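Visitor: quick one, structure for this:
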Amino acid sequence: MLRTKDYVLLLVVYASILAAVLFPDLGEPFRPYPQHLLMLVFFLSFLTVRLDEIGALLKRSPGAIVLFTLFKLILLPAAVYGLFLVLAPAYAMSALLLAAVSTGVTAPFISGVVGGNSALVMVMVVTTSPLVPVTLPLLIELFLGQAVELSFAGMIRMLATVIFIPIIAVEILRRWAPRTLPPLLKLNYPLSLLLFALINLGVFSQYAEFFRREPALLVEATVVASILCVLFIVPGGLLFRKGPVEDQLAGAVAAGNINNVLVIVFASRFFGPLEPTVAAMYLIPYFAVIIPLRLYKTRGRPGR
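Guide: Numbers count the residues shown, from 1 in each chain. This is a model prediction of the structure:
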């Protein structure tokens, strides 16, 4: 069963998207700061996971982590791109970009909401993110025959800032100011909701005029994004089908809750308006996955 918190999360997320499209001036102050807001979300997410838990997971199942990383960054993008190239070629590039990006920094939060193994999701964030500056341009070169000029050092700096600075900050608090953690944990949920709303206002307000001018394309992009989300979470969960339900949920979340904001920024620089639009609309299924995953958690799985 869904909890009141789940409904509140969905309400906040979708209301902020609608507000950004209808009243873009509301989001203008937040447009320069999606990366900084994501860092704060990641900081809050990491409060619930300890580094020793991540180390234990890496020692206990390194093969599963390597397999998931290969699946997430290479195998899944290739398969999804090939499928869209046949069925919907206009969206093949959008499919490739979203499939090939790393697990999102908000994924541990979503995992916590649905009852997944958040430590496992955190490991997947840490293992997939630093590899994206290499794997994504290689896939584009391979499938499109065009080299995308990326600053490897610049991408690494950005990813390191988004991911590792919050991790270090949390560990510093754990060691030097542990009394600050309980109050922060109590505020984790409302602060995360606020940050999600501000991110949505900042991201969607940038495309408000385009959305109002092309409503049919907006609906179409949402449908494509929703199909992609299903194509991501189902095989992600199946990779851990022999494990406990918490690990299955972690695999689904890590595959489906991706760093689509990074895709928005990347696609806006190197591609046309369609790719960043699909990436932006991915925010809708991004949060909607909590409904089927919560139901899956509640019902469990026979023989688990």
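Visitor: which secondary structure elements does the host helix or strand of Thr298 sit against?
Guide: For Thr298, the host element (DSSP states H and E) is helix 290-299. Other helices and strands packing on helix 290-299, by 3 or more Cβ pairs under 8 Å, 6 or more residues apart in numbering; DSSP states H and E, are helix 4-22, helix 107-114, helix 245-256. For every residue, glycine as well, the C-beta is placed using N, CA and C.
Visitor: just want the angle from that helix to helix 107-114.
Guide: If you take axes from the mean of the first three to the mean of the last three Cα atoms, to 10 degrees, helix 290-299 sits at 50 degrees to helix 107-114.
Visitor: off-centre distance for stretch 264-280?
Guide: 16 Å (Cα atoms, centre = their mean, to the nearest Å).
Visitor: same deal with stretch 171-191?
Guide: The answer for stretch 171-191 is 23 Å, by Cα atoms, centre = their mean.
Visitor: buried sites along that stretch?
Guide: In terms of neighbour count (16 or more other Cβ atoms under 10 Å), stretch 171-191 has its buried residues at 173, 188-189.
Visitor: can you check stretch 220-227 too?
Guide: Buried, per 16+ other Cβ under 10 Å, within stretch 220-227: 220-222, 224-227.
Visitor: among these, which lie within helices?
Guide: The helices, defined by DSSP state H, take in 220-222, 224-227 from the buried residues of stretch 220-227.
Visitor: end to end, how far does stretch 280-292 reach?
Guide: In stretch 280-292, first residue to last residue: 21 Å (Cα to Cα, to the nearest Å).
Visitor: now do the helices in the stretch 51-200 of the chain.
Guide: 51-60, 62-70, 76-87, 92-100, 107-114, 118-128, 132-144, 152-176, 181-204 (DSSP state H, counting those that start in this stretch).
Visitor: turn the buried residues of stretch 220-227 into JSON lines, columns for pLDDT and distance to Pro32.
Guide: Listed next are the buried residues of stretch 220-227 as JSON lines, based on pLDDT from 0 to 100; distance: Cβ to Cβ, whole Å:
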{"residue": "Glu220", "pLDDT": "94", "distance to Pro32": "29"}
{"residue": "Ala221", "pLDDT": "93", "distance to Pro32": "24"}
{"residue": "Thr222", "pLDDT": "93", "distance to Pro32": "26"}
{"residue": "Val224", "pLDDT": "97", "distance to Pro32": "28"}
{"residue": "Ala225", "pLDDT": "96", "distance to Pro32": "24"}
{"residue": "Ser226", "pLDDT": "96", "distance to Pro32": "29"}
{"residue": "Ile227", "pLDDT": "97", "distance to Pro32": "32"}
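Visitor: out of the residues you listed, which is nearest to Ala19?
Guide: Ranked by distance to Ala19 (Cβ to Cβ), these are led by Thr222 at 17.0 Å.
Visitor: what's the closest non-adjacent residue to that closest one?
Guide: Closest residue to Thr222 apart from its sequence neighbours, by Cβ to Cβ, 6 or more residues apart in numbering: Met281 at 4.5 Å.
Visitor: hang on, that neighbour packs against Leu228?
Guide: No: contact criterion Cβ atoms under 8 Å: Met281 and Leu228 do not qualify, at 10.0 Å.
Visitor: shaky segments in the stretch 201-304 of the chain?
Guide: Along the stretch 201-304 of the chain, the model assigns pLDDT under 70 to residues 300-304.
Visitor: try it again at 80.
Guide: 265, 268-270, 272, 299-304 (pLDDT under 80).
Visitor: one step back: adding distance to Leu26, write the ones in helices among the buried residues of stretch 220-227 out as a markdown table.
Guide: Formatted as a markdown table, those follow (distance: Cβ to Cβ, whole Å):
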| residue | distance to Leu26 |
| --- | --- |
| Glu220 | 26 |
| Ala221 | 22 |
| Thr222 | 21 |
| Val224 | 27 |
| Ala225 | 23 |
| Ser226 | 26 |
| Ile227 | 30 |
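Visitor: before we move on, the earlier item: would you turn the buried residues of stretch 171-191 into TSV with pLDDT and distance to Val13?
Guide: Below are these laid out as TSV (pLDDT from 0 to 100; distance: Cβ to Cβ, whole Å):
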residue	pLDDT	distance to Val13
Leu173	93	28
Asn188	89	16
Tyr189	89	13
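Visitor: any idea which of those residues is closest to Lys5?
Guide: Of all these, Tyr189 has the smallest distance to Lys5: 6.6 Å, by Cβ to Cβ.
Visitor: who touches the closest one in this structure?
Guide: Counting by Cβ atoms under 8 Å, 6 or more residues apart in numbering, Tyr189 touches Lys5.
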